[in-house]
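Undergrad: Mind looking at a prediction? Sequence and model below.
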Amino acid sequence: MPIGDWFKKEQKDDAQSAEKRAVPDGVWEKCPGCNEALFIKELERNHMVCSKCDYHFPISAQQRIDNLTDHGSFEELWAEMHSEDPLHFIGVKAYTMSLDKAKKTTGLQDAAVCGRALIDGRRVVLGVIDFKFIGGSMGAVVGEKITRTIELATAEEIPVITVSSSGGARMQEGMISLMQMAKTSAAVARHSAAGLPYISVMANPTTGGVTASFATLADIIIAEPRALIGFAGPRVIEQTIKQKLPKDFQTAEFNLQHGQIDMIVDRANMKRTISRIIDYMGS
């Protein structure tokens, strides 16, 4: 290579580096679904859904509340509730350390955010699980808050909505965590016996004890596109049954095809769909 080409290459590299430096952080987001670079402000306007491939980015509990409820109508309840460490659990790290980190990362006291709200003017009680808080796992606080959410809706004779994104039971609380499955399920049964609507929305992922309890006991079960929905993971199932699982196993689309959920709804249409379902159910 002629020596002059070395200088040209160096100048080109310098120009590319300068171009990269000219684009500040937080402007573009790479889509995991199609690898396209997306302008973040446009992505936010589209409810954090890729306009190219319809990939639904993970969002916080507060973002879900903002997407679903009428502006300024959400009244949070039991916000001060927080988890203790009943088993003094120490695994890879102490449970108390995991809780402290999750609180700092999310600004929440635990994974569930619950309260009263309006959806297109319709009164509801809403419970949302934030996956960023220890994988949205259900311990004593999440189970108690979801149970109170359902019981409040029963007492006020209005619909209850839950939005789940969870890895399941919180292992750091052992049997106490597993007890929440029965507790939340009993609350759903009383709400159903009162003839009141319950709508469950399952986002990516919804698995384990949450799937095995309140999330799949609703009158209407909705999922976001391509959400992972199941109990145990595919690898564990394959090792148990010694068979290869079907393509797209445990996706929302697979669950819909096999009658496990009622519909798949894009995030942008979720609010309107829920309000129409409430109307159809005569609440």
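TA: All right, it came through fine.

Undergrad: What residues does Phe74 make contact with?
TA: Phe74 sits next to 65, 115-117, 126 when contact means Cβ atoms under 8 Å, 6 or more residues apart in numbering. Using the backbone N, CA and C atoms, a C-beta is placed for each residue, glycine as well.

Undergrad: how about a cut-off of 7 Å?
TA: Contact partners of Phe74, counting by Cβ atoms under 7 Å, 6 or more residues apart in numbering, are 65, 115, 117.

Undergrad: For the closest residue in space to Phe214 that isn't next to it in sequence, the count of nearby residues, please.
TA: Distances taken as Cβ to Cβ, 6 or more residues apart in numbering place Thr184 nearest to Phe214, at 4.0 Å, with adjacent residues excluded. The burial count assigned to Thr184 is 27, neighbours taken as other Cβ atoms under 10 Å.

Undergrad: Then Gly115?
TA: Gly115: 21 surrounding residues under other Cβ under 10 Å.

Undergrad: That one: which element?
TA: The secondary structure element spanning Gly115 is strand 112-119 (assigned by DSSP states H and E).

Undergrad: Do a quick rundown of the helices in the chain.
TA: 3-22, 40-45, 61-68, 95-106, 140-156, 174-193, 208-211, 234-241, 252-257, 270-280 (DSSP state H).

Undergrad: what about the third one, distance to the chain center?
TA: In this case it means helix 61-68. Put simply, helix 61-68 sits 10 Å off its chain's centre (Cα atoms, centre = their mean, to the nearest Å).

Undergrad: Show residues contacting it.
TA: Contact partners of helix 61-68, identified using Cβ under 7 Å, 6+ apart, comprise 47-48, 74, 113, 119, 126, 128-130, 163, 267, 270-271, 274.

Undergrad: who wins for neighbours among these?
TA: Counting neighbours by other Cβ under 10 Å, Leu126 comes out on top of these with 30 neighbours.

Undergrad: now Gly209, nearest residue through space, not along the chain?
TA: Counting by Cβ to Cβ, 6+ apart, the nearest residue to Gly209 once its immediate chain neighbours are dropped is Ala169, at 3.8 Å.

Undergrad: quick one: low-confidence parts of the stretch 151-283 of the chain?
TA: Counting by pLDDT under 70, the stretch 151-283 of the chain contains low-confidence residues at 283.
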